[in-house]
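Participant: Sequence and predicted structure, then a few things I'm wondering about:
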Amino acid sequence: MRDMTTGMRDLSELRRGVLEPCVLALLDERPRFGLELVRDLDQTNGLLTSQGTIYPLLTRLHGNGQVTSRWQETQGERPRRYYTITDAGRRALAEFRTAWAPFRDTVDQILQPKHHQRGPQARRPQENTA
Amino acid sequence: MITHTTRHPLVTDYLHRLDSALADAPRPAARELHDQIAMHLDDAIGPDASELEVRAALDQFGGAEELAAEITPPRQPVRRARWVDVTALLLISLGSLVLPVIGWLAGAVLLASSPRFTRRQKTVGVLVWPLGLLLPAAALEVASGFSLPPTLGLPLAVLAIALPLGVIIWLAGSLKA
């Protein structure tokens, strides 16, 4: 049980780390409001550790100048605060995209269970029969 | 901030806890976060939702304190000597007995510049002691045998003594930090 808890915690930290570029990527497609982002990210295999996580992140991105926001009213609905990616946000996203592919490949390579592929015999040192 | 008249009491309570936890966050960011979260919860939780449903939705949403911590700068270790803040509390409470208004003013300046107290504590500390004259005035009212009718003077005097003392005890709790 202890290992599982540690694993879940690691996954939670990992999610936190990649959430920001994922939000920027979604905003790069089109402006979105907070609840819309929550719905989009919730559908992608539980990328959100909790639904509320998205709001402090948007506030921080707004403060950093990576997104801007404006209130917009769509027909029949209440006004929403729509977030739009800025040039600074696009630059940060491009940097992450460049770094992510080699990073992901390296982690994949390390995590691959090599000894299972080659079988337990492959790991034993050769016995001297002389 | 956005207000909502038909909000579930548990959501109202959650938003109050969020506001308390945001006491040290930058104002515009705190306001934005409050409004966005309030709007999300109003959309997700109807006023007629059962208590179980609301609790489940709030659990899924995440803790108010955790979310607030995401935009709150970490508190710096307090470097000011404790006796300076003790002096601040003494001056805002009793300073006007020694030097009317000026004694309180010195205490208010020390309180406002202290890294030990939150913005809310500073505001309450300064507002509850209007010019530091509340306690002396109440004491004078009691000592003079009530210039106001006793039915009005006594409750007012009790309130005027209990309220500031309560605030000072509350503020003194932060001196341990």
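Facilitator: Nice, I can see it.
Participant: and the longest helix that chain B contains, how far from the chain's centre?
Facilitator: Counting residues, the longest helix in chain B under DSSP state H turns out to be helix B:150-172. Centroid separation for helix B:150-172 versus its chain: 16 Å, with C-alpha atoms, centre = their mean, to the nearest Å.
Participant: and what of stretch A:55-65?
Facilitator: For stretch A:55-65, the distance to the chain centre is 16 Å (C-alpha atoms, centre = their mean).
Participant: Pull out the buried residues from it.
Facilitator: By neighbour count with 16 or more other C-beta atoms under 10 Å in any protein chain shown, stretch A:55-65 contains the buried residues A:Y55, A:P56, A:L57, A:L58, A:T59, A:R60, A:L61, A:H62. C-beta: built from backbone N, CA, C; applies to glycine.
Participant: residues contacting residue 22?
Facilitator: No chain in the question, so chain A it is. Residues near A:C22 by C-beta atoms under 8 Å, 6 or more residues apart in numbering or on different chains: A:L41, A:T44, A:L47.
Participant: Let me rephrase: I mean chain B.
Facilitator: B:A30, B:L33, B:H34, B:A68, B:I71, B:T72.
Participant: about what we covered before: so which of the buried residues of stretch A:55-65 also contact chain B?
Facilitator: Restricting those to those touching chain B (C-beta under 8 Å from any C-beta of the partner chain) yields A:Y55, A:P56, A:L57, A:L58, A:T59, A:R60, A:H62.
Participant: Touching, the last one and B:E32? I think so.
Facilitator: Okay, so that is A:H62. Yes: in this structure A:H62 lies within contact range of B:E32 using C-beta atoms under 8 Å: 6.7 Å.
Participant: Give the residues shared as contacts by these two.
Facilitator: When contacts are counted by C-beta under 8 Å, 6+ apart, A:H62 and B:E32 are jointly contacted by A:S69.
Participant: so can I have CSV of the buried residues of stretch A:55-65 showing secondary structure and pLDDT?
Facilitator: Output for the buried residues of stretch A:55-65, formatted as CSV (DSSP: H, G, I helix; E, B strand; the rest coil; pLDDT from 0 to 100):
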residue, secondary structure, pLDDT
A:Y55, helix, 96
A:P56, helix, 96
A:L57, helix, 95
A:L58, helix, 96
A:T59, helix, 95
A:R60, helix, 94
A:L61, helix, 96
A:H62, helix, 95
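Participant: Going by distance to chain B, which of these wins?
Facilitator: For these, the closest approach to chain B (C-beta to the nearest C-beta) belongs to A:P56, at 3.3 Å.
Participant: show me the contacts for that closest one.
Facilitator: A:P56 neighbours (C-beta under 8 Å, 6+ apart): B:L33, B:L67, B:A68, B:E70, B:I71.
Participant: Inside helices: which ones of those residues?
Facilitator: B:L33, B:L67, B:A68.
Participant: pLDDT score assigned to the residue nearest to the second one when sequence neighbours are not counted?
Facilitator: Beyond its immediate neighbours in the sequence, the residue positioned closest to B:L67 (C-beta to C-beta, 6 or more residues apart in numbering or on different chains) is A:G52, lying 4.9 Å away. What the model reports as pLDDT for A:G52 is 93.
Participant: now do B:S96
Facilitator: Predicted confidence (pLDDT) at B:S96: the value is 70.
Participant: bridging residues for A:I85?
Facilitator: Taking DSSP bridges as the rule, A:I85 bridges to A:V67.
Participant: right, and it touches A:L26 too?
Facilitator: No: applying C-beta under 8 Å, one finds A:I85 not in contact with A:L26, separated by 9.0 Å.
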